[in-house]
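**Student:** Quick check, what structure comes out for this input:
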Amino acid sequence: MKTIKTFIESEFKIVSILFTLSAFSIVLLMFRIKLTQSYYFLFLVWNLFLAGIPYVISSYLTTIKKPNRLYLLGVSFVWLLFLPNAPYIITDLFHLQYSSQHLIWLDTLVIVAFTITGMLLFFKSVFSMETVFKTNFNNRIVNYCKPILFILVGFGVYLGRFLRFNSWEIINKPLSIFETILDIITNPNLHQKAWQFTFVFGLFLWIGYVVFKRFIKVKA
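**Tutor:** All right, here's what the predicted structure looks like:
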């Protein structure tokens with residue numbers, strides 16, 4: 001309880017912004033449901049919930065002053081499994097192809113609202129984890145690992161959007177996921193789309209994160 005209180009006090013500003021954005025996104029979605037009598041975009045609430053899991057995990061780790069390194073790495077692995085869920089919301093823009101012409105403006109606003117919230121959760125979570133790791137490990141190693149992180153996230157989003165794997169399926173479908181990943185790695189010519197998406201999307205996230213960090217420094 002003390003940990004939660006300490007976190008809220010130290011992160012009150014960002015928590016209030018995230019709460020406001022989440023509430024606005026849901027209200028906008030409720031307006032669409034009322035207007036169209038359709039629950040089609042209700043999955044965005046679930047996606048936003050999944051996007052919040054890595055943020056909660058990284059925020060929790062920032063409250064531990066001297067974590068055991070093995071424990072930190074174990075929790076970080078769980079964090080990494082759920083991390084692609086946050087930028088994954090960007091790809092929900094694909095659903096606009098099913099929107100009716102006269103309501104596409106509203107559908108765009110709804111998805112963009114959830115996307116902005118999800119991306120803020122993503123960037124803040126990565127920023128918190130970078131701080132945690134630089135406190136407990138060599139800074140140079142952490143800096144070298146950051147590009148790899150964004151590539152892994154891009155690959156995770158590809159697995160979720162195009163191959164329809166979920167984060168928790170690492171538990172009940174580990175062999176299927178491993179075989180799929182191994183096939184993509186060993187047969188790159190047969191999976192050019194996977195590699196193109198992974199690197200382009202990873203680069204997009206990396207640049208976005210750099211801008212996010214610069215913005216934080218300017219505001220500070």
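
**Student:** Enumerate every residue touching residue 105.
**Tutor:** For residue 105, no residue meets the contact criterion (Cβ atoms under 8 Å, 6 or more residues apart in numbering). The C-beta positions use only the backbone N, C-alpha and C, and glycine is treated the same way.

**Student:** Could you pull out the buried residues of the helix or strand hosting it?
**Tutor:** Counting by DSSP states H and E, the element that carries residue 105 is helix 104-136. For helix 104-136, a neighbour-count test (16 or more other Cβ atoms under 10 Å) marks 106-107, 110-115, 117-130, 132-133, 136 as buried.

**Student:** can you give me how far that helix is from the chain middle?
**Tutor:** Chain-centre distance of helix 104-136: 6 Å, with Cα atoms, centre = their mean, to the nearest Å.

**Student:** And the spatially most central residue of the chain, how far from residue 92?
**Tutor:** Nearest residue to the geometric centre of the chain (Cα atoms, centre = their mean): residue 86, 2.1 Å. Counting by Cβ to Cβ, to the nearest Å, the gap from residue 86 to residue 92 is 12 Å.

**Student:** Kindly report the same for residue 17.
**Tutor:** From residue 17 to residue 92 the distance is 21 Å (Cβ to Cβ).

**Student:** Hmm, residue 127 and residue 146 touching each other?
**Tutor:** No - applying Cβ atoms under 8 Å as the test, residue 146 and residue 127 come out as separate, 10.9 Å apart.

**Student:** Tell me which stretches of the chain form helices.
**Tutor:** Using DSSP state H, the helices found in the chain span residues 2-10, 12-36, 43-62, 69-82, 85-88, 104-136, 139-161, 169-172, 174-186, 192-219.

**Student:** hmm, what's the outermost residue in this structure?
**Tutor:** In the chain, residue 102 marks the outermost C-alpha relative to the chain mean, sitting 30.6 Å out by Cα atoms, centre = their mean.

**Student:** Can you give me every residue that contacts residue 25?
**Tutor:** Per Cβ under 8 Å, 6+ apart, neighbours of residue 25: 44, 48, 110, 113, 114, 117.

**Student:** From what I see, the first one and residue 114 are in contact.
**Tutor:** Yes - the criterion here is Cβ under 8 Å, and residue 44 meets it with residue 114 at 4.7 Å.

**Student:** relative to helix 192-219, how tilted is the helix holding residue 105?
**Tutor:** For helix 104-136 against helix 192-219, the angle between stretch directions is 70 degrees (axes from the mean of the first three to the mean of the last three Cα atoms, to 10 degrees).

**Student:** Kindly calculate the angle that helix 104-136 makes with helix 139-161.
**Tutor:** 150 degrees.

**Student:** Next, the angle from helix 104-136 to helix 12-36.
**Tutor:** With the same axes, to 10 degrees defining the directions, helix 104-136 sits at 160 degrees from helix 12-36.
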